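Visitor: have a look; sequence and predicted model below, questions after that.
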Amino acid sequence: MRSCTICIHLNRSDIDAAIVNGTPYRDIAGRFQVSKTAVARHADGHVAESIHKSKEALEEVMALDVAHELTWCNQSAHQIYDAALSGEKPDPRTAITALGEVRKQAELWAELQGELDRGTTIELVEHPDWINLREIIFAALTPWPDAQVAVARAILAAGGQNVA
């Protein structure tokens, strides 16, 4: 099997940089006196693989950095909390603020780990506005008992609870 002519080229790093920067293969081939096909093969087989590995390594470093920063923030908040409650004159306001930061750190960590879904869920059936509206609707339908029953059935069919 033949070696990649670009991989063993004296100017490989310059060729790789040109590929990554989007320089047309024809221009790279002319500048470094290699074939356009060799540049394309190298870009598809070797540069793409290197870029992928570099990207994975960068993501891993960034994840470790985020974890490190979160750990530091959490430890600092704990230290502030402890300091606020110790000594001659405890400072509950600072302690509560520090606890809030610890809670935020825990939420962020859980979210990053996929353990926390920040999607909004509103339980309409128990919401005071819905309960109030439901009472208004049924009061307005008092003269028409059949309409009350029809509306109650429709709400139940749609998944509503505690209708009457």
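Guide: Okay, I see it. In this text, all values refer to a predicted model and were calculated from it rather than measured experimentally.
Visitor: in the longest helix anywhere in the chain, what counts as buried?
Guide: Looking across the chain with DSSP state H, the single longest helix is helix 48-85. Buried residues in helix 48-85, defined by neighbour count with 16 or more other C-beta atoms under 10 Å: Asn74, Ala77, Ile80, Tyr81, Ala84. The C-beta positions use only the backbone N, C-alpha and C, and glycine is treated the same way.
Visitor: how confident was the prediction at the nearest residue to the first one once chain neighbours are set aside?
Guide: Pointing back at Asn74 there. In space, and not counting its chain neighbours, Asn74 is closest to Gln105: 4.6 Å by C-beta to C-beta, 6 or more residues apart in numbering. For Gln105, the model assigns a pLDDT of 83.
Visitor: okay, the angle between the helix or strand hosting Gln105 and helix 48-85?
Guide: Gln105 is part of helix 92-112, with elements assigned from DSSP states H and E. Inter-element angle recorded for helix 92-112 and helix 48-85: 160 degrees (by axes from the mean of the first three to the mean of the last three C-alpha atoms, to 10 degrees).
Visitor: just checking, what packs against the next helix or strand along the chain from helix 92-112?
Guide: Moving toward the C-terminus from helix 92-112, the next helix or strand (DSSP H and E) is helix 128-140. On a contact count with 3 or more C-beta pairs under 8 Å, 6 or more residues apart in numbering; DSSP states H and E, helix 128-140 meets helix 145-157.
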